[in-house]
Structures are given as structure tokens and as C-alpha cells.
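In: model this:
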Amino acid sequence: MALLRRVVFLLLPLLALPAAALQPDLNSLAAVPRIAVDGAAAARAVTAAQQRQSRPVQFAAPVDLPLRLSDGRWDTLAGGVSSWRLRVASAGARSLSFAFSRFHVPDGGEVWIYDPQGGTMQGPYTALNNTADGRLWTAIVPGGEAVIEARVPTASRDQLQLELAQVQHGFLDFATAAAGNPQPRTIPGGTPASSCEVNVACPAGAAWSNEARAVAVYTVGNKFICTGQLVNDVPGDNAPYFLTANHCEIGQTLTTPALSVVMYWNYQASSCSGTSAPITHTQTGATLVAGDTGSDFTLIKLLQQPNSAYNVWYAGWDVTGQPSGSGVDIHQPGGDLKKISVYDTQTSKVTVNLQGTSRTVQAWDVIWSQGITEDGSSGSGLYNSNHYLIGVLSGGNSSCANPGGDDVFGRLDVAWTAQSQANGQLKATLDPQGTGAQCLAGRNPGDSPTPGGCTNGGGSGGLGSGGGGGGAWSPLLAALLLPLALLRRRRAWKQ
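Out: Just a heads-up that it's a prediction; the model follows:
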């Protein structure tokens with residue numbers, strides 16, 4: 001059974017689009033209206049984005065482009081179906097994605113976004129994506145031109161509502177955003193963000209294939225990139241709660257509402273040396289559930305459960321505050337292929353001031369024995385030796401040039417009851433009946449609810465539930481018998 005799960009895990013990135021995927025008529029695209037983004041406006045937007053000093057990492061710049069159905073072309077197809085198409089181009093873009101100010105698809109209708117070669121197709125967006133808000137953000141397609149196509153029953157064609165507000169002009173590829181690499185490259189695929197990163201399909205990830213299925217790279221407002229993971233709740237009801245970092249700005253500005261979150265599942269190589277993978281396992285939209293700056297967490301609820309074909313996992317968690325002697329972080333630096341970093345030195349508790357911000361975070365400090373994290377890894381989960389989440393990535397100074405550098409993760413035990421209000425803590429949502437659970441195992445969507453018992457897997461040398469941890473800077477605290485004292489340090493920002 002373990003071997004079978006491993007094989008499925010490795011094959012996931014090679015899965016084709018669902019059988020019902022659109023078969024586009026690429027030969028007739030020349031007859032479809034083509035609207036080009038104003039080059040000067042795009043250049044100004046990119047310059048402003050590149051000069052932006054705050055975080056998280058930005059890979060695309062929004063350019064206003066109001067378009068309606070009247071700007072495209074209708075065609076009548078066989079079987080009582082009508083097709084509407086429009087081409088949108090932005091010269092020099094690495095990718096394009098779209099923000100619709102009005103989106104309503106009738107029952108039986110579908111909207112797809114694809115490149116002119118039909119190599120990457122995002123969708124379908126259907127009536128399930130209709131919201132009271134009436135807005136939609138789409139997944140990226142590579143290159144500087146994309147086709148928007150709607151296919152609807154001819155009888156309900158007048159019910160289709162599409163109004164485009166913005167085009168997001170990608171000026172960095174997903175996988176080069178972390179390093180700011182200016183060289184063009186085709187999405188999806190490419191070289192790893194940094195040479196010392198470790199694909200999750202490598203031997204280091206062999207025991208963590210379940211946890212890897214919980215992880216997704218996502219965008220906010222089709223501008224910013226972060227990482228996060230699905231998390232289990234005590235009721236075990238498959239509610240699609242997704243945990244990430246608070247500094248990724250979900251729901252914190254008018255341009256980054258939770259509705260604008262776009263998930264990319266299973267963007268991972270199928271081999272240890274793999275450099276490419278499909279990026280079409282996507283979904284869009286969420287609602288903001290809870291968040292706290294002092295533990296740097298945000299919890300959102302996706303508008304739909306992930307497609308069953310995506311084979312996701314609901315990650316388990318531990319909020320006891322016990323340090324761990326070993327574990328991993330599974331993350332997607334700069335939106336690159338899924339990576340894994342390994343630690344075998346006990347985590348320690350620190351209080352950190354995130355560099356360039358006013359945020360002070362109570363965190364776990366981690367030193368890696370294999371791999372690092374980078375910009376775009378923010379929000380990824382720190383797992384202990386029992387395969388339970390204990391933190392989400394806030395910042396750090398690890399790099400290939402500084403392999404001994406450490407990273408810091410906002411602590412889930414702090415996030416559990418960070419604030420008294422339900423929207424400022426994890427407990428009210430993940431344990432809504434107040435069972436008192438301190439640990440919860442991960443599970444497949446079809447599994448029965450899991451018990452909430454904990455095992456003592458914190459690792460050797462622990463200082464107990466309130467321990468300040470080991471590491472190079474804690475001997476004085478231990479000697480003075482002040483295990484609850486926390487060290488205050490400044491950390492670089494992992495976007």
C-alpha cells in the first residue's frame with residue numbers, strides 16, 4: 001500500500017486535464033478579435049511593482065483593461081452550443097491572468113483561458129464560480145497572449161455576463177520570482193529556484209508524500225505568491241480550511257481579497273531531478289476566516305473542496321508548544337516546483353521582529369540540515385517528527401550561500417488562542433465544539449474523522465511544554481532556569 005501511494009504521488013504531476021476539457025478551435029483564432037494592452041501603461045505598472053518595497057513577493061502587475069462581451073465574437077456550434085471568444089495580448093508578458101469585475105455563467109456553461117497554442121488551459125470556470133460579489137480571478141497562462149472562451153447552451157446565451165476589469169501582466173515567471181531572474185522562461189517548468197533546493201520527489205520527501213499533497217502555491221490578487229496547506233479540523237468534515245502566513249496579505253487590502261486567491265495544486269516534479277510539471281490543477285476563490293499578526297497566521301476557507309482528481313491531503317497539527325528534534329518544511333519558493341527542507345536540530349522558541357516591517361512574531365527557530373527556504377515559501381508549514389504542523393513560515397536568512405542560516409515559523413500553539421475573538425485564533429474554527437484537542441492527525445478526504453490525541457515526539461533535549469529550546473543561543477537561559485524566556489531577534493522576510 002505504501003508503495004502504491006508513492007507511485008500515485010509521483011505520477012500526479014503528469015496527470016492530463018480532465019476528460020471533459022475543452023477542445024479549442026485553434027485554426028480559427030485569426031478571426032477572433034484581439035485586444036492589446038497599452039504598452040506604456042503596462043511598463044508603468046511593472047516599474048511601480050518592481051519599485052515596491054513591501055512584501056510579499058510580486059510577480060505580476062495589474063493593468064486596467066475594461067472589456068465586455070461586445071468586444072468579442074460569438075459563434076454558433078453544433079449541438080445547441082454557442083461559443084464566445086476574445087484574445088487579449090500584452091507585449092513582453094511572461095504570463096497573463098485576468099480579474100473579472102462581473103462574472104456569471106449560466107448552468108451548463110463553461111469559461112476557459114488558454115494560450116494560442118492550447119498548451120496550457122485553465123478552467124473550466126462554471127456556475128459553481130458564480131458569487132454574490134460577481135467577481136472572479138483566473139489562473140495564469142504562459143506568454144503574452146491568451147484566449148478567453150465561453151461555451152454556453154445557445155438557449156441561455158443571454159444569461160452569460162463577462163466584464164473584464166484588469167489584466168495581470170506577469171513580469172517574473174513563477175519559478176524565478178524568488179531570485180528576480182530577468183531571463184525569460186516558459187511556464188510551467190524550468191530550473192529550481194536555487195541550486196540547493198530539494199524536490200519533494202527526492203529521497204528526503206519519501207516519508208512525507210501525504211503532507212506534500214496538502215501543500216499548494218497560491219497567488220493573491222494575481223500579483224503576490226505564497227505557499228500554504230490544507231488543514232484538518234476536529235469534526236473531520238472535509239471543510240477546505242487553508243493555512244498560510246498573515247503577511248501574505250490575504251484580505252488585508254482592496255486588491256487582495258480572499259476571493260482573489262488562486263490555488264495551484266500538485267505543481268511538483270515527478271522525479272528528484274525533474275525541472276517541469278503541469279500547472280493546471282487550479283481553483284479560485286476563498287473567504288477569510290481568521291488571522292493574527294503576532295503568530296503570523298491566516299486561515300481561509302476555499303469556496304469549493306479541491307477537485308477529487310487532485311488527491312489532496314488534510315494536514316494534521318500539534319498546538320502543545322512542544323519543541324521538535326526533527327521534521328521538515330514543504331514549500332514552493334517563488335512559485336517554483338514543490339520543495340522540501342529538513343531539520344534535525346531541535347526547534348527553539350524566539351520572538352522576532354520581521355525586518356522591514358512593524359511585525360513582532362512568536363516563532364519557532366529552525367536550522368536546516370538539507371534545503372533552505374526562499375521568497376514565496378512564506379506560509380508553508382513546519383512539521384514535527386510526528387508529521388504534525390507546528391508553525392507557518394514567517395522569515396529567515398537561510399540561503400544556498402548561507403546554508404547554516406536559520407528560519408522562523410509563526411507558532412501554531414500561539415495562534416491557537418492568539419486573540420479572544422473567533423476571527424483571531426485557530427481554535428474556534430478547527431475545534432468548534434471545544435473538545436480540547438491539542439493534536440490532530442492528517443487524513444484523506446474520504447477517511448473517517450481522526451482522534452485528537454498527542455504523542456510525545458518533541459525530540460531529545462526538549463525543555464518541556466514551555467521550553468525555550470536548544471540551539472546555539474539558549475545555554476544561558478537553561479543555566480538560569482528560565483525556560484519560558486524568549487529571545488528577540490530580527491529576521492529577514494520570506495515573502
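
In: give me the beta-bridge partners of residue 64?
Out: Here residue 64 sits in beta bridges with residue 166, going by DSSP bridges.

In: how many neighbours does it have?
Out: Using other Cβ atoms under 10 Å, residue 64 is surrounded by 13 other residues. Quick note: C-beta positions are derived from backbone N, CA and C, even for glycine.

In: same thing with residue 78?
Out: Around residue 78 there are 5 residues (other Cβ under 10 Å).

In: state the distance from it to residue 154.
Out: 11 Å (Cβ to Cβ, to the nearest Å).

In: now the strands: where do they sit in the stretch 151-300 of the chain?
Out: 161-170, 215-220, 224-230, 241-244, 262-265, 282-284, 286-292, 297-302 (DSSP state E, counting those that start in this stretch).

In: closest one to residue 373 among those?
Out: Comparison of the strands of the stretch 151-300 of the chain against residue 373 by Cβ to Cβ identifies strand 224-230 as nearest, at 9.1 Å.

In: report the angle between that closest one and strand 215-220.
Out: If you take axes from the mean of the first three to the mean of the last three Cα atoms, to 10 degrees, strand 224-230 sits at 140 degrees to strand 215-220.

In: CA atoms of strand 224-230 as CSV?
Out: Taking Å, rounded to 0.1, in the frame of the first residue of the first chain, the C-alpha atoms of strand 224-230 are listed here in CSV:
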residue,chain,number,x,y,z
PHE,A,224,1.6,38.0,-5.0
ILE,A,225,3.0,34.5,-4.4
CYS,A,226,2.9,32.5,-1.2
THR,A,227,2.6,28.9,0.0
GLY,A,228,0.1,27.2,2.3
GLN,A,229,-1.6,23.9,3.1
LEU,A,230,-5.0,22.4,3.7
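
In: list the contacts for residue 119?
Out: Residues in contact with residue 119, defined by Cβ atoms under 8 Å, 6 or more residues apart in numbering, are residue 142.

In: these two touch, right, residue 115 and residue 146?
Out: Yes. Counting by Cβ atoms under 8 Å, residue 115 sits close enough to residue 146 to count as a contact (6.0 Å).

In: tell me the domain boundaries of this protein?
Out: Annotated domains of the chain cover 14-171, 203-491 [automatic domain parsing].

In: burial count for residue 344?
Out: With other Cβ under 10 Å as criterion, residue 344 counts 13.

In: ah, wrong one, I meant residue 96
Out: 26.

In: would you check that it makes contact with residue 170?
Out: Yes. Taking contacts as Cβ under 8 Å, residue 96 lies within contact range of residue 170: 6.6 Å.

In: helices and strands of the chain: which one bottoms out on pLDDT?
Out: Lowest on mean pLDDT, DSSP states H and E among the helices and strands of the chain sits helix 475-479, with a mean of 33.

In: the lengthiest helix in the chain packs against which elements?
Out: Counting residues, the longest helix in the chain under DSSP state H turns out to be helix 39-51. Packing partners of helix 39-51 (3 or more Cβ pairs under 8 Å, 6 or more residues apart in numbering; DSSP states H and E): strand 60-68, strand 161-170.

In: would you mark the buried spots in the first one?
Out: By that I understand strand 60-68. The neighbour-count check on strand 60-68 (16 or more other Cβ atoms under 10 Å) flags 60-63, 65, 67 as buried.

In: and the next element down the chain from it?
Out: strand 73-77 (DSSP states H and E).

In: show me where pLDDT drops low in the stretch 151-300 of the chain?
Out: For the stretch 151-300 of the chain, applying pLDDT under 70 flags the ranges 175-194.

In: ok, now with 80
Out: 174-194 (pLDDT under 80).

In: now for residue 96 and residue 170: what residues contact both?
Out: Common neighbours of residue 96 and residue 170 (Cβ under 8 Å, 6+ apart) are residue 140.

In: the stretch 1-150 of the chain: helices as residue ranges?
Out: 2-11, 39-51 (DSSP state H, counting those that start in this stretch).

In: lowest average confidence across those helices, which one?
Out: Ranked by mean pLDDT, those end with helix 2-11 at the bottom, a mean of 46.

In: next, the angle strand 224-230 makes with the helix or strand that contains residue 394.
Out: Applying DSSP H and E as the criterion places residue 394 in strand 389-396. If you take the same axes, to 10 degrees, strand 389-396 sits at 170 degrees to strand 224-230.

In: and the helix or strand just after strand 389-396, what does it pack onto?
Out: Sequence-wise, the next helix or strand downstream of strand 389-396 (DSSP H and E) is strand 406-411. Contact analysis of strand 406-411 by 3+ Cβ pairs under 8 Å, 6+ apart lists strand 348-354, strand 360-367, strand 389-396 as its packing neighbours.
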